[in-house]
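In: Prediction below, plus the sequence it came from.
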Amino acid sequence: MRAVGGWDERSFVGRAAASFPVTSIAPDELGDPAVSKPSGIALAATGVAALGIVFGDIGTSPLYTLKTAFDYLHGDATPDRIIGILSLVFWTLFLITTVKYVIVAMTIDNDGEGGILALMSLLGIKEHKRPLIVMAGLLGAALIYGDGAITPAISVLSALEGFDIAAPGLKHYVVPTAVAILLALFAVQPLGTSRIGAAFGPIMLLWFIVIGALGLWGIAQEPSVVMALNPYYGVKLLATNGFSGFLVLGGIFLCVTGAEALYADMGHFGKGPIRIAWSWVVFPCLVLNYAGQCAIALRGASIEDNIFYRLCPEPLLVPLVCLATVATIIASQSIITGAFSMTRQAIQLGWLPRLHIKQTSDKGYGQIYVGVVNWLLMAVTVALTLLFHRSDDLAAAYGIAVSLTMLMTSFLLFIAMREMWHWSLVTSVALAGLFIVVDTGFFAANSLKIADGGYVPLLLASIIYGLMLIWHHGSIAVARRLEQTPISVSEFLADLKARNVPRVPGTAVFLTRTAIGIPPVLVWHIRHNRALHERVLVLRVLTESRPRVNWPERMQIEQEGENFWRVTAHFGFVQRPDIPVLLKEAQQRGCHTLLDDVTYYVGHENILHRRHGPAMPHWQESIFAAMVRNASHVTDYFRLPTQQVVEIGRQISI
């Protein structure tokens, strides 16, 4: 499909965002989610569904976290080191996931939306040019895509490797089975998170109950493991083990790799259900399981293979491997849905071309499916599975991108504490500084993995980051070209009368990005058709840096001539514009158009290279032109009736 390249030009703050406060928005007929206080039963049900969408990644981390951390000890797991590792795991879960994300980050939400892009756009409201904030937000989002391709591969492989213990004869079937499972997982994504969550939630609830019970069984064998709650033992491990102790941080970090996706998925379920599920189910069960694994390690259990499965009584081992496999399938769901959410935000904020976004549920606007993202993630994930073969090898590539994203988020949270909460500098530095110190330590430890595979997510993130910049700069270049030498409305209407241009019955709606004057598509229409409708409406759509814009603020209408109106519409970055519905509201507010006889005119742009004074290098222009050609059609994006749309081709040299 071919479409106009960014005609509805959006900046990351929107052109009029500075005048609008960030408020909660009531539901409207464009399909915005209803804002109501859920009942206790509904909240619990939503929390269970969130277990299947939000917590899959972090919930299956016990499968590989301690296994990887123990590997850095090279088999020399003394009691002090085991207790130290468990202490680091506990306090990492508490500080990063509970305090930083569940308490702090989810409080600084952008009208219910989470994720680093939503945080970036929220901080961009006050000033239109904040390059460091933009860079941090975009880089963080791109890095999540990079590590997101690894999450499904390492999760599924780590579960299936339990057969190395339960049924060694099946060892050679691990990789083919993992590939088949991953293909099936991505194939069901078009069903939507609502149906998937309803099926996955109860399974994940069972998973957490099982791993919590196994952890209790392990703790009962060696109760002294509870000493790890004292942070002294974690600090002692880092202080007394030199470089090996520092390397252990790379394994410890794997226990929180799903925290950033948890934040990005907030728009799917809301902060209430996520906080309840984390506090009452996920966090306690994770801590119990990690403690149980360390407890049996203290009693002499082998740490050479996956110690997670050593917790399980042998008769129940095969069922546990099967449950773990299902749980890791679900684990991949959190990063996939997080990628969908970030993609939509990036599109609306003007950093990616329009892609076809399918609304998979009428109960929540956050429940979406983005086909292109789904299939690209599938291709990369399967390729990584075939390339690395084992979770041990993938662990070397895992974590570096997410650790850097978390560091970017910590810097943005510091700015939010100062500007949104108006905290003092001392208080902000104390809390955000703690986050930054912890994140910096984990990033430094993970950066040592670059040569062993860490370059994979960094390379993927670099490609996505570059595409975002190229699309945004190209869209701005096109906008500037089209805004040159505008023709005033009065001059244009006078010229129509002077040339006796016939006016035909009906209403013409011209979609444009220009703020003043006559849009180029209207000029070209007159040039080629030598006629104009009796009623003309020039429509400009802007996407703001907040998720939703309510009706009183959504539209400005100006009558600039006889039967000639200019409408500027504002939408939030999670709202999908519906132009026919918008016109009904415009009619009720004094725009006397004939809605039963409307023709929509849009420009179809072909991007050409400008030889003299190009806006961007030729290779970037070629990439931008390709993105324009493959963007989702403007008719679909704005829900225009296809039989009433006229495209006018034009060549734009940038």
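Out: That came in fine, so what should we check first?
In: Show the model's pLDDT score for residue 83.
Out: Listed pLDDT for residue 83 reads 96.
In: Distance from the helix or strand that contains it to the middle of the chain?
Out: Per DSSP states H and E: residue 83 is located in helix 79-92. Distance of helix 79-92 from its chain centroid, counting by CA atoms, centre = their mean, to the nearest Å, is 31 Å.
In: Show me what it is packed against.
Out: helix 65-71, helix 231-240, helix 242-252, helix 283-298 (3 or more CB pairs under 8 Å, 6 or more residues apart in numbering; DSSP states H and E). The C-beta positions use only the backbone N, C-alpha and C, and glycine is treated the same way.
In: Check what contacts the shortest one and list those residues.
Out: The one in question is helix 65-71. Helix 65-71 is contacted from outside by 77, 85, 89, 158, 248, 250-252, 254-255, 290, 293-294, 297, 303, 305-308, 392, 395, using CB atoms under 8 Å, 6 or more residues apart in numbering.
In: got TSV for the helices and strands packed on helix 79-92, with mean neighbour count, distance to residue 265 and mean pLDDT too?
Out: Output for the helices and strands packed on helix 79-92, formatted as TSV (neighbours: other CB atoms under 10 Å; distance: least, CB to CB, whole Å; pLDDT from 0 to 100):
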stretch	mean neighbour count	distance to residue 265	mean pLDDT
helix 65-71	25	21	88
helix 231-240	16	29	93
helix 242-252	20	23	88
helix 283-298	24	17	96
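In: Could I get the average pLDDT for the lengthiest helix in the chain?
Out: In the chain, assigned by DSSP state H, the helix with the most residues is helix 317-348. Helix 317-348 comes out with an average pLDDT of 83.
In: Helix or strand next in line after that helix, which one?
Out: strand 357-359.
In: strand partners of that following strand, parallel vs antiparallel please.
Out: Using DSSP bridges, the strands paired with strand 357-359 are strand 368-370 (antiparallel).
In: Now do the strand it pairs with: distance to the chain's middle.
Out: From the chain centre to the centre of strand 368-370 is a distance of 11 Å (CA atoms, centre = their mean).
In: quick one: buried residues of the longest helix of the chain?
Out: 317, 320-321, 323-348 (16 or more other CB atoms under 10 Å).
In: For the stretch 51-200 of the chain, give me the ranges with low pLDDT.
Out: Scanning the stretch 51-200 of the chain for pLDDT under 70 picks out the ranges 75, 124-129, 193-198.
In: Using CSV, write down the CA coordinates of stretch 397-408.
Out: The C-alpha trace of stretch 397-408 is given here as CSV (Å, rounded to 0.1, in the frame of the first residue of the first chain):
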residue,chain,number,x,y,z
ALA,A,397,23.6,-11.4,24.5
TYR,A,398,20.8,-10.8,26.9
GLY,A,399,20.4,-7.9,29.3
ILE,A,400,22.6,-5.2,27.8
ALA,A,401,19.9,-3.4,25.9
VAL,A,402,17.4,-3.5,28.7
SER,A,403,19.9,-2.3,31.2
LEU,A,404,20.7,0.7,29.1
THR,A,405,17.0,1.4,28.6
MET,A,406,16.5,1.3,32.4
LEU,A,407,19.3,3.8,32.7
MET,A,408,17.6,6.1,30.2
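In: chain center to it: distance?
Out: For stretch 397-408, the distance to the chain centre is 15 Å (CA atoms, centre = their mean).
In: Okay, angle between the helix holding residue 83 and helix 231-240 too, please.
Out: Helix 79-92 runs at 120 degrees relative to helix 231-240, counting by axes from the mean of the first three to the mean of the last three CA atoms, to 10 degrees.
In: Show me what helix 79-92 is in contact with.
Out: Helix 79-92 is contacted by residues 65-66, 69-70, 73, 225, 227-234, 236-238, 241, 245, 248-249, 252-253, 255-256, 287, 290-291, 294, 297-298, 438 when judged by CB under 8 Å, 6+ apart.
In: moving C-terminal of that helix, what's the next helix or strand?
Out: That would be, after helix 79-92 and using DSSP H and E, helix 116-123.
In: Which is the succeeding secondary structure element to that next one?
Out: helix 131-148.
In: Show me which parts of that next one are buried, residue by residue.
Out: So, applying 16+ other CB under 10 Å, buried residues of helix 131-148: 133-134, 136-148.
In: Check stretch 99-114 too.
Out: For stretch 99-114, by 16+ other CB under 10 Å, it's 100-102, 104-106, 108-114.
In: ok, now stretch 461-471?
Out: Buried residues in stretch 461-471 (16+ other CB under 10 Å): 461, 464, 465, 467, 468, 469, 470, 471.
In: orientation of the helix holding residue 83 relative to helix 242-252 in degrees?
Out: 50 degrees.
In: going forward can the numbers begin at 54, since that is how I track them
Out: Shifting the count to begin at 54 puts that one at helix 132-145.
In: Output helix 132-145 as CSV, restricted to C-alpha atoms.
Out: Only the C-alpha atoms of helix 132-145 are listed here, as CSV (Å, rounded to 0.1, in the frame of the first residue of the first chain):
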residue,chain,number,x,y,z
PRO,A,132,27.8,-20.5,51.2
ASP,A,133,28.8,-16.9,51.5
ARG,A,134,28.6,-16.5,47.7
ILE,A,135,25.2,-18.2,47.5
ILE,A,136,23.7,-16.1,50.2
GLY,A,137,25.3,-13.0,48.6
ILE,A,138,23.8,-13.8,45.2
LEU,A,139,20.3,-14.3,46.7
SER,A,140,20.6,-11.0,48.6
LEU,A,141,21.5,-9.2,45.4
VAL,A,142,18.5,-10.8,43.6
PHE,A,143,16.1,-9.9,46.3
TRP,A,144,17.2,-6.3,46.6
THR,A,145,17.4,-5.9,42.8
